[in-house]
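# my questions concern the predicted model and sequence given below.
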Amino acid sequence: MVLAAGLGTRMRPLTDDRPKGLVEVRGRALIDHVLDRLADAGVETAVVNVHWFADRLEQHLAGRGRGPDIVISDERAELLETGGGLKKAHPLLGDAPVFVANIDSVWIDRSDALADLVRLWNSETMDAALLLARREGAIGFEGDGDFFLDDGRLTFRGEAASAPFAYMGVHITRPGYADHGPDGPFSLSPLWRKSAAEGRLFGCVLDGDWMHVGDPQARDDAEAKLAGLG
């Protein structure tokens, strides 16, 4: 599932006339960066939720010209956030484990991050497996970090001044993970906190460079980074 329904308020004015997923980095829409990664990882079908400039995003997706096949989860009537979006999309996702991906992450991969995440995943012992990035050196991420990592298991930063790892926008979970959440909009974060407290939240770390493309400056910085690669 690709979470593409957000308003992209921090990306304004670039999102005044388009959804965030159609903001371009190095000549490619953000959503294409993500969908191409998923396709390269073997994903054949992706559910994409839409809300802001939904018609324009659907038109773009219909003309992509390569996989994965796209199924739309329509949130035009109400923006449901991450948890509500996953809950609404469950009937479209089936029952096998799924990638859930944000659209504001671009990365340079020196290994095979999505394959590493698949190898980590264990449906019996985990509720979710998150792809992480080292906070130092990340482009566009200015927070104090999200997680500590101990033998694959994640704990939240809590009261600590900082934590070494940030969630970089892709995880694996069960399609029904959010089914017991409230009606309407809600975030996955409280569910992750409960899972972490129960020892069922895991993660692995990207071997590469992460760009969190959340605002126009971060977009420009990401373009400069990719341009430096030739």
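Sure thing, it's come through. Just so it is clear, the model here is predicted, and its values are computed rather than measured.

# endpoints of stretch 124-137, how far apart?
Stretch 124-137 has an end-to-end distance of 34 Å (Cα to Cα, to the nearest Å).

# got it, and stretch 136-143?
Span of stretch 136-143 from end to end, Cα to Cα: 10 Å.

# what are the buried residues along it?
138-141 (16 or more other Cβ atoms under 10 Å). C-beta here means a position set from N, CA and C on the backbone, and glycine is covered the same way.

# and for stretch 82-98?
So, applying 16+ other Cβ under 10 Å, buried residues of stretch 82-98: 82-90, 93, 97-98.

# for the host helix or strand of residue 82, packing partners?
Applying DSSP states H and E as the criterion places residue 82 in helix 81-93. The contact analysis (3 or more Cβ pairs under 8 Å, 6 or more residues apart in numbering; DSSP states H and E) places helix 81-93 against strand 45-50, strand 69-74, helix 189-197.

# and residue 169, its phi and psi?
Main-chain torsions, residue 169, degrees, to the nearest 10: phi 100, psi 10.

# tell me who's in contact with it.
The contact partners of residue 169, taken as Cβ atoms under 8 Å, 6 or more residues apart in numbering, are 101-102, 104-105, 131, 212.

# let me have those in CSV, adding secondary structure, distance to residue 158 and pLDDT as columns.
Shown next, in CSV, are the contacts of residue 169 (DSSP: H, G, I helix; E, B strand; the rest coil; distance: Cβ to Cβ, whole Å; pLDDT from 0 to 100):
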residue, secondary structure, distance to residue 158, pLDDT
101, strand, 26, 97
102, strand, 23, 96
104, coil, 25, 94
105, strand, 24, 94
131, strand, 21, 97
212, strand, 22, 95
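
# who wins on neighbours among those?
Among the contacts of residue 169, the one with the most neighbours (other Cβ atoms under 10 Å) is residue 104, at 30 neighbours.

# I'd say that residue and residue 30 touch.
Yes: using Cβ atoms under 8 Å, residue 104 makes contact with residue 30 at a distance of 6.4 Å.

# mutual contacts of these two, please.
Common contact partners of residue 104 and residue 30 (Cβ under 8 Å, 6+ apart): 20, 213.

# can you tell me the SS state at residue 18?
Following DSSP: H, G, I helix; E, B strand; the rest coil, the label given to residue 18 is coil.

# so how far is residue 53 from it?
6 Å (Cβ to Cβ, to the nearest Å).

# can you check residue 78 too?
Counting by Cβ to Cβ - residue 78 and residue 53 are separated by 16 Å.
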